[in-house]
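# coordinates only, sequence not included:
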């Protein structure tokens with residue numbers, strides 16, 4: 001009997017293995033945690049993440065004071081160093097935020113512990129990172145409980161989370177900026193609508209807030225470190241008192257506002273906070289996980305779900321990127337973790353898909369460039385369509401008028417994108433492709449060729465060309481956009497470009513074209529020669545080419561008197 005039982009047991013175990021479901025992380029809150037990937041390595045205690053219009057991230061490093069630009073799969077690049085950072089214990093370079101109007105003003109904001117003995121807020125532009133303007137200072141600092149998260153709210157105001165700096169009385173003292181969530185203008189001033197007259201205080205009674213987020217209805221949430229027992233997620237209401245140091249966690253005192261979620265400190269120690277798809281995502285340090293907290297339409301939480309438990313160590317930052325992925329940073333080199341060789345890292349979690357959508361979006365149409373300067377150009381295109389929905393666009397760039405490969409330089413959730421950091425008097429080519437939530441990519445758009453201006457301040461013009469249609473024996477280039485990039489009026493313009501061998505111009509409009517060999521010069525017509533600074537006009541032409549040839553003209557250069 002014993003000999004017969006062993007094969008039967010083996011068969012039972014095999015059946016169990018075959019029928020058991022595959023062990024995998026859950027799809028929760030719209031993200032597939034089973035497909036999490038390490039996207040960036042080699043950071044030093046990244047504390048906060050913010051995003052530039054080109055889709056790249058900025059990561060603040062607490063201990064080094066550096067601001068690092070990060071892109072998936074690429075080595076981090078230092079773009080600024082904050083002056084006067086004092087890094088000890090929990091202090092150092094903390095929060096970072098990008099102006100909601102960055103494309104116009106270029107402002108980046110940073111919150112840090114200074115060598116002057118306080119926590120303060122500065123702003124700077126990456127084009128001149130050494131120039132840093134203090135817009136708010138005097139927040140009590142310590143080696144613990146410095147808060148530090150900063151974020152722009154839906155109202156365009158800047159919110160700053162501070163800790164009690166180890167002095168519990170600060171939290172209830174409305175005359176102290178410590179232990180608070182502050183609301184201020186982008187220049188550091190006191191905005192109208194704050195609950196306490198003449199004060200930046202938005203809410204108080206906080207111990208150490210390190211996460212801020214808003215849902216789609218504009219409700220504000222914050223993560224807060226408890227002392228020894230309870231960590232919290234709070235829904236923030238203007239003027240409310242959150243109870244510290246009288247309350248830790250839920251205390252049922254009508255004088256204070258209770259948290260909507262609590263965990264033991266071993267389960268959480270919550271820092272970064274992000275919102276997407278009716279879900280809050282809380283990065284836990286000691287808990288070494290992401291807590292996904294579902295919210296109903298009234299902002300009431302459901303049961304929190306842990307993800308990435310102990311997979312990457314201590315987790316500090318959480319943010320939803322322009323690419324639609326959830327970005328999470330590790331904090332394993334902060335003296336409290338166990339780092340691996342790649343630390344610290346950026347982990348990205350893709351949007352969840354059903355796995356059944358294999359239809360790519362259509363190619364974006366009518367790609368055009370405008371407002372080209374010595375260092376930037378603005379692209380626009382016609383929207384793609386998709387059977388489920390387009391989730392965003394990738395912007396690709398290649399050097400020169402021909403040759404070279406296209407690489408992704410940014411993403412956009414809309415049908416426009418401003419490419420910055422270009423070199424004066426240089427030619428670039430751009431393409432755009434669409435993507436959907438399943439990760440399907442469209443064919444690329446047509447190519448637009450851009451030549452930046454020389455950077456002069458009194459005159460100059462730029463020309464950018466769009467290939468509208470092509471067929472086996474010819475093509476139409478339209479529009480060719482001519483823009484006055486100077487600061488004085490232009491009274492005429494001329495655009496030169498090169499035709500590939502064997503190509504001939506067969507027609508034109510809104511410009512007079514002359515051909516010498518393969519060089520074409522297009523001069524303004526009588527009605528479109530005068531351009532004010534920043535003004536633009538367009539012309540177009542048609543050309544023939546040998547059958548099967550796919551080349552188009554290159555090297556567009558504009559001059560004006």
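Ah, there it is. Computed from a predicted model, the values in this text were never measured in an experiment.
# so where do the strands sit in the stretch 201-350 of the chain?
Ranges of strands within the stretch 201-350 of the chain are 201-204, 209-214, 220-224, 230-236, 261-264, 270-276, 279-284, 289-294, 305-307, 315-320, 326-330, 346-349, based on DSSP state E, counting those that start in this stretch.
# adding mean neighbour count, distance to residue 248 and mean pLDDT, write the ones you listed out as JSON lines.
C-betas here are computed from N, CA, C, even on glycine. Formatted as JSON lines, these follow (neighbours: other Cβ atoms under 10 Å; distance: least, Cβ to Cβ, whole Å; pLDDT from 0 to 100):
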{"stretch": "strand 201-204", "mean neighbour count": "25", "distance to residue 248": "16", "mean pLDDT": "98"}
{"stretch": "strand 209-214", "mean neighbour count": "26", "distance to residue 248": "14", "mean pLDDT": "97"}
{"stretch": "strand 220-224", "mean neighbour count": "26", "distance to residue 248": "10", "mean pLDDT": "98"}
{"stretch": "strand 230-236", "mean neighbour count": "24", "distance to residue 248": "5", "mean pLDDT": "97"}
{"stretch": "strand 261-264", "mean neighbour count": "20", "distance to residue 248": "9", "mean pLDDT": "96"}
{"stretch": "strand 270-276", "mean neighbour count": "25", "distance to residue 248": "14", "mean pLDDT": "96"}
{"stretch": "strand 279-284", "mean neighbour count": "27", "distance to residue 248": "17", "mean pLDDT": "97"}
{"stretch": "strand 289-294", "mean neighbour count": "23", "distance to residue 248": "18", "mean pLDDT": "96"}
{"stretch": "strand 305-307", "mean neighbour count": "20", "distance to residue 248": "22", "mean pLDDT": "94"}
{"stretch": "strand 315-320", "mean neighbour count": "26", "distance to residue 248": "22", "mean pLDDT": "97"}
{"stretch": "strand 326-330", "mean neighbour count": "27", "distance to residue 248": "27", "mean pLDDT": "97"}
{"stretch": "strand 346-349", "mean neighbour count": "24", "distance to residue 248": "30", "mean pLDDT": "96"}
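# just for this structure, where's the confidence low?
Low-confidence segments of the chain (pLDDT under 70): 1-26, 354-357, 388, 437-439, 455-459, 561.
# try it again with 50
1-25, 456-457 (pLDDT under 50).
# how about the helices in it?
Using DSSP state H, the helices of the chain run over 2-19, 102-105.
# and the last one, which residues are buried?
In this case it means helix 102-105. 102, 103 (16 or more other Cβ atoms under 10 Å).
# which residues are contacting it?
Contact partners of helix 102-105, identified using Cβ atoms under 8 Å, 6 or more residues apart in numbering, comprise 52, 53, 99, 108, 125, 418.
# roughly how far out does that helix sit from the chain middle?
Relative to its chain's centre, helix 102-105 lies at 14 Å (Cα atoms, centre = their mean, to the nearest Å).
# now do stretch 129-143
Relative to its chain's centre, stretch 129-143 lies at 24 Å (Cα atoms, centre = their mean).
# just send the strands of the stretch 201-350 of the chain back as TSV, with distance to residue 363 too.
Converted to TSV, those look like this (distance: least, Cβ to Cβ, whole Å):
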stretch	distance to residue 363
strand 201-204	46
strand 209-214	34
strand 220-224	39
strand 230-236	43
strand 261-264	44
strand 270-276	28
strand 279-284	33
strand 289-294	35
strand 305-307	35
strand 315-320	26
strand 326-330	28
strand 346-349	26
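# quick one, which of these is nearest to residue 524?
Comparing these by their distance to residue 524 (Cβ to Cβ), the top pick is strand 315-320, with 46.8 Å.
# how about residue 233: what's its closest non-neighbour residue?
residue 261 (4.1 Å; Cβ to Cβ, 6 or more residues apart in numbering).
# contacting residues for that neighbour?
Taking Cβ under 8 Å, 6+ apart, we find residue 261 in contact with 232, 233, 293, 301, 304.
# nearest to residue 80 among those?
Using Cβ to Cβ, the contacts of residue 261 come closest to residue 80 at residue 233, 31.6 Å.
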